[in-house]
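Novice: Sequence and predicted model, in that order:
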Amino acid sequence: MDWNFLPIFPHSASNFAPQVDSLYAYLVLVSAFFSILIAILIVTFAIKFRRKSETEIPAPVDEHSTGGMILEITWSVIPLLLSLVMFGWGAIIFFDESKPPSDAMEIWVTGKQWMWKVQHLEGTREINELHVPVNRNIRLTLTSEDVIHDFYVPAFRTKTDVVPGRYTTEWFRPTKVGQYHLFCAEYCGTKHSGMVGTIYVMDPAEYDAWLTSGTNVGSMAQKGEALFQQLGCATCHTSDGKGRCPNLAGVWGTKVELRGGSAALVDASYVRESIVNPLAKIVNGYDPIMPTFQGLVTEDQIQQLIEYVRSIGPKQPGPPPAIAKPGETPAKLTPVLGQPQK
């Protein structure tokens, strides 16, 4: 259902918008139906069964009658079924919004009092703006530098909390070219109302032209690699697997064995935690010698380091993640970063 004919509703410009609008229409219609029905019954019963005289005594209720029980069951079961429809319908939309497609375009978003900072994998950066191509699945990985924010695009019917110290995801597929409002929907300080931006949905050709029109000095992965060398990470994370810290080539998407026998999936959250709190999870077979980089690198730089680790990970989908043993290169990679054995 498209509510654009009503000026009080925002544009419908994503794959989720029709689903959310249809559910909302169902909620409105059910609420309106019962509100009107109850109002009519109240007025009708108030007139029909009003007390006509001071001496009037109502007729006794037959205790053996089943009419009351049937009525109680009816007005309990019907609302229950209608509520279950609301729950199931909403749950389907929720789970759809919670599972980004594997082919989605990756974009990083950082909330900060009081702005939105955006990084594209190609290296382009934006503030309070987000350019995306139409009819393309977009996955946003979001975090905050300070307090809780909320990335809200009414035209897309998507809204996600942006939490400091962790990553949340939001995805959508824009379906209409145009400009759409971006808001912070979580009170985040004195200038919360000014934490707004614009989403630009463009034709693919125009988006490609925009993406290459800037003065990029490298992709996020390339910037992360330069930072990796600058911070001296390569001194311990050697490519031959003989360093004092684990070899990072090919670990992305695998599970590493930790002290104590547990395992951890190497994803964005794991890499971030390893950078800011390296003692939280110690890979089995290695000493806890890595210093924390908390306060030494920005959230933007952490994201660049994550993209670098991702870039030297497995390139093609493979079998389920294996446990990487200490001293060996996961995914059968050679010491040359990212080059699989033949």
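Specialist: Looks like it came in fine.
Novice: From residue 47, how far out is residue 41?
Specialist: Remark: distance between residue 41 and residue 47 (CB to CB, to the nearest Å) = 11 Å. In short, each C-beta sits where N, CA and C put it, glycine included.
Novice: which residues does the residue nearest the centre of the chain bridge with?
Specialist: What sits nearest the mean C-alpha location of the chain, by CA atoms, centre = their mean, is residue 169, with 2.2 Å. With DSSP bridges as the criterion, residue 169 is bridged to residue 141.
Novice: Quick check, it in contact with residue 143.
Specialist: No. The criterion here is CB atoms under 8 Å, and residue 169 misses it with residue 143 at 10.5 Å.
Novice: so where's the stretch 101-250 of the chain uncertain?
Specialist: Low-confidence segments of the stretch 101-250 of the chain, defined by pLDDT under 70: 215.
Novice: secondary structure element for residue 45?
Specialist: Using DSSP states H and E, residue 45 sits in helix 17-48.
Novice: Quick check: buried residues in that helix?
Specialist: Neighbour counts over helix 17-48 (16 or more other CB atoms under 10 Å) mark 17, 19-21, 23, 26 as buried.
Novice: Just the terminal-to-terminal distance for stretch 58-75.
Specialist: From its first residue to its last, stretch 58-75 covers 24 Å (CA to CA, to the nearest Å).
Novice: now stretch 288-297
Specialist: Using CA to CA, the two ends of stretch 288-297 sit 20 Å apart.
Novice: which ones are touching the residue nearest to the centre of the chain?
Specialist: For residue 169, the contact set (CB atoms under 8 Å, 6 or more residues apart in numbering) comprises 100, 139-142, 160.
Novice: I'd assumed residue 14 was in contact with residue 158.
Specialist: Yes. When contacts are counted by CB under 8 Å, residue 158 is listed as touching residue 14 (7.0 Å).
Novice: how near is the residue nearest to the centre of the chain to residue 100?
Specialist: 6 Å.
Novice: Between those two, which contacts overlap?
Specialist: residue 139.
Novice: Identify the residue spatially nearest to residue 196, adjacent ones excluded.
Specialist: Sequence neighbours aside, residue 183 is the residue nearest to residue 196 in space, at 5.6 Å (criterion: CB to CB, 6 or more residues apart in numbering).
Novice: no no, residue 238
Specialist: residue 247 (6.7 Å).
Novice: Assign that neighbour to helix, strand or coil.
Specialist: With DSSP: H, G, I helix; E, B strand; the rest coil as the basis, residue 247 sits in coil.
Novice: what's the overlap in contacts for residue 41 and residue 47?
Specialist: Common neighbours of residue 41 and residue 47 (CB under 8 Å, 6+ apart) do not exist.
Novice: Most remote residue from the middle of this structure, which is it?
Specialist: Relative to the mean C-alpha coordinate of the chain, counting by CA atoms, centre = their mean, the farthest residue is residue 55 (67.0 Å).
Novice: Am I right that that one sits in a strand?
Specialist: No. Secondary structure of residue 55 (three-state DSSP): coil, not part of a strand.
Novice: so who does the closest residue to residue 120 other than its chain neighbours touch?
Specialist: Excluding its sequence neighbours, the residue lying closest to residue 120 (CB to CB, 6+ apart) is residue 107, at 5.8 Å. Going by CB under 8 Å, 6+ apart, residue 107 touches 118-121, 130, 132, 138-141.
Novice: show me the contacts for residue 275.
Specialist: Applying CB under 8 Å, 6+ apart, the residues contacting residue 275 are 292-293, 297, 302, 305.
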